[in-house]
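>>> Fold the following, please.
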Amino acid sequence: MAASEGSVSLPVPSAGSLERMRPRQTLSLVLFCGLVLAGLAGLFVLLAFYTRKGAYGSDWQTFYDAATRWRDNGRVYTVADGFFNPPPTLVLLRLFIFLPYLPSRILWGALSACMLLASGWLTTRALAWRPDGRALALGAWWILVSAPCVLLAPLTGNWSGLILLSFSLSVRLFQKGHEGWAGAVLAVTLVKPQLAFLTLPLLLHKRRWRAVGGYLGACAISVLVSFPLVGRHAYGDYFQVQRSVADWTVTNNALQIDVPGLHGLFLQQWPGSVAASSAANLLSLGLVALLAWFWRGPWQPASSRFVIGWSLVLVVTMLGSSFAHSYDLVLLIPPCVTLFVAGERARLAWPEGWFWARAAMIALYVSPYLVLLFRQHFVVPAMLAALAVLWWSAPPVSAAYEPEWGSITKTIAAPNRRRL
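Next up, the predicted model:
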């Protein structure tokens with residue numbers, strides 16, 4: 001359309017020029033100091049770990065030795081040797097003993113770090129959040145070195161990264177409608193049964209029969225494949241060792257120093273107390289009952305309530321497990337990402353909601369420092385606070401389907417919900 005007489009036509013800036021016109025985001029002083037402190041803390045943990053244990057002192061040494069004994073037709077499962085993972089894990093470990101110990105440990109450590117980063121990224125995808133490159137870089141930095149327990153996961157060479165990836169990947173598979181595959185992926189969590197005790201009951205509770213079939217099918221296949229390889233005696237020794245260490249929750253006081261959940265909290269204060277262990281069990285059952293109440297209502301994998309529900313599963317798992325360790329706190333990465341996104345979406349509608357979401361997220365990252373430095377379980381109240389904020393941030397069960405939640409609380413006025 002021709003311009004009217006006397007009017008002045010202004011050039012329309014291109015997308016590239018608009019991008020150049022935007023003010024460049026800079027790091028705040030607080031964030032910069034946090035990054036520096038996180039890096040120094042990571043170096044401190046790295047130095048302290050290798051100073052105390054050396055290159056051969058890690059969980060990976062236990063795994064590598066177990067696979068070597070199996071290759072040499074030796075006995076794999078004894079309490080003294082300390083290898084307590086299910087026999088199918090030996091098939092995976094056998095692939096790594098083709099390498100010398102140090103290269104194999106470096107390889108698994110690098111894979112573990114990639115699993116942690118992939119889990120954080122999968123959680124952002126599940127929440128329909130598309131962070132820019134700057135946010136991804138900062139998030140990767142915080143995930144890897146912001147808490148000592150996270151850095152210990154790839155350093156010690158344990159299974160925590162693999163289990164976290166199983167949880168995070170299953171959420172995306174559920175959202176894409178691949179329930180059978182999601183159940184099969186969740187079966188990987190049985191690598192550490194003490195972190196998998198809620199997965200199958202949740203699927204049964206929600207009557208997700210295809211996922212249950214995938215879960216049980218994957219378990220059956222792993223047993224059928226590994227049984228002829230590792231032998232009947234290995235399976236018999238495994239169950240015998242499990243019976244031998246079943247009472248360690250109460251009898252092994254040294255174990256509870258590193259357990260970040262309710263059992264560690266009580267049994268560190270009252271070592272060897274059956275009453276303290278029973279109290280932790282009762283509280284854990286209460287949390288599981290609350291979790292089952294949260295999961296009432298329809299199954300909507302693409303909704304924010306679904307992703308929040310899986311974050312609650314991870315938090316309750318860490319609170320209720322009596323054999324988890326500090327490096328298993330990597331399971332809190334998805335809850336932290338969820339709290340961050342909840343805070344960002346509540347920033348305009350309810351500043352107080354942003355504050356509580358961000359405070360709960362920071363507490364989950366800071367409390368492991370206190371556990372490792374002071375051997376006190378400050379992480380338990382931090383996880384309980386995160387559980388409360390996550391629950392509060394979820395849309396109500398009666399709400400209509402919404403791929404992204406409109407606010408961090410159900411009490412925000414409707415106009416504010418629409419603006420988000």
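
>>> Any regions of the stretch 201-350 of the chain where pLDDT drops low?
346-350 (pLDDT under 70).

>>> Show the residue spans covered by the strands in it.
Counting by DSSP state E, counting those that start in this stretch, the stretch 201-350 of the chain forms no strands at all.

>>> would you list every one of the helices in it?
Ranges of helices in the stretch 201-350 of the chain, per DSSP state H, counting those that start in this stretch, are 209-230, 232-245, 248-251, 253-256, 262-269, 274-294, 304-320, 333-346.

>>> Deepest in the core, which of the ones you listed is it.
Comparing those by mean neighbour count (mean count of other C-beta atoms under 10 Å), helix 333-346 ranks first with a mean of 25. Placement of C-beta: from N, CA and C, glycine included.

>>> just checking, residue 66 touches residue 93?
Yes: Residue 66 lies in contact with residue 93 (C-beta atoms under 8 Å); the separation is 6.8 Å.

>>> Mind checking which of those two has more residues around it?
Using other C-beta atoms under 10 Å as the criterion, residue 66 and residue 93 rank with residue 66 on top: 24 against 21.

>>> excluding its backbone neighbours, what's nearest the more buried one?
Sequence neighbours aside, residue 83 is the residue nearest to residue 66 in space, at 3.9 Å (criterion: C-beta to C-beta, 6 or more residues apart in numbering).

>>> my guess is residue 237 contacts residue 81, does it?
No: at 10.3 Å, residue 237 does not count as touching residue 81 under the criterion of C-beta under 8 Å.

>>> Generate a markdown table for the helices of the stretch 201-350 of the chain, with distance to residue 183 as supplementary columns.
Formatted as a markdown table, these follow (distance: least, C-beta to C-beta, whole Å):
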| stretch | distance to residue 183 |
| --- | --- |
| helix 209-230 | 3 |
| helix 232-245 | 23 |
| helix 248-251 | 29 |
| helix 253-256 | 31 |
| helix 262-269 | 28 |
| helix 274-294 | 19 |
| helix 304-320 | 14 |
| helix 333-346 | 18 |
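
>>> Which one of these lies nearest to residue 120?
helix 333-346 (5.4 Å; C-beta to C-beta).

>>> so how far is the helix or strand just after that closest one off the chain centroid?
Counting by DSSP states H and E, the next helix or strand C-terminal to helix 333-346 is helix 351-374. Centroid separation for helix 351-374 versus its chain: 16 Å, with C-alpha atoms, centre = their mean, to the nearest Å.

>>> elements contacting helix 351-374?
Contacts defined by 3 or more C-beta pairs under 8 Å, 6 or more residues apart in numbering; DSSP states H and E place helix 351-374 against helix 148-156, helix 333-346, helix 379-393.

>>> Of those helices, which is nearest residue 214?
Judged by C-beta to C-beta, the one of those that comes nearest to residue 214 is helix 333-346, at 20.9 Å.

>>> what packs against that closest one?
For helix 333-346, the packing partners by 3+ C-beta pairs under 8 Å, 6+ apart come out as helix 101-126, helix 160-175, helix 304-320, helix 351-374, helix 379-393.

>>> Just give me the neighbour total for residue 180.
Neighbours of residue 180 under the rule other C-beta under 10 Å: 19.

>>> and what of the one 5 residues further on?
Each residue near residue 185 was counted by other C-beta under 10 Å, and the total is 24.

>>> How about residue 360?
26.

>>> Contacts only, for residue 66.
Listed by C-beta atoms under 8 Å, 6 or more residues apart in numbering, the contact set of residue 66 reads 76, 81, 83, 90, 93.

>>> swap in residue 214?
Residue 214 neighbours (C-beta under 8 Å, 6+ apart): 179, 180, 181, 182, 183, 184, 186, 187.

>>> The third one: how many residues sit nearby?
Here the neighbour count serves as a burial measure; for residue 181 (other C-beta under 10 Å) it reads 18.

>>> Can you name the helix or strand that it falls in?
Assigned by DSSP H and E, residue 181 belongs to helix 179-186.

>>> which residues sit in contact with the residue nearest to the spatial centre of the chain?
Taking C-alpha atoms, centre = their mean, the centroid of the chain lies closest to residue 331, which sits 1.9 Å from it. Taking C-beta under 8 Å, 6+ apart, we find residue 331 in contact with 160, 163, 164, 167, 195, 314, 317, 318.

>>> show me what contacts the residue nearest to residue 256 when sequence neighbours are not counted?
Closest residue to residue 256 apart from its sequence neighbours, by C-beta to C-beta, 6+ apart: residue 267 at 4.3 Å. Applying C-beta under 8 Å, 6+ apart to residue 267 gives the contacts 249, 250, 253, 256, 259, 273, 276, 277, 280.

>>> Pick the one among the contacts of residue 66 closest to residue 337.
Distances from residue 337 to the contacts of residue 66, taken by C-beta to C-beta, are shortest for residue 93, at 30.1 Å.

>>> just checking, the closest one touches residue 69?
No: shown here, residue 93 and residue 69 do not form a contact pair, counting by C-beta under 8 Å, at 10.7 Å.

>>> re the thing from before, can you lay out the helices and strands packed on helix 333-346 as TSV showing distance to residue 290?
Shown next, in TSV, are these (distance: least, C-beta to C-beta, whole Å):
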stretch	distance to residue 290
helix 101-126	22
helix 160-175	19
helix 304-320	8
helix 351-374	17
helix 379-393	8
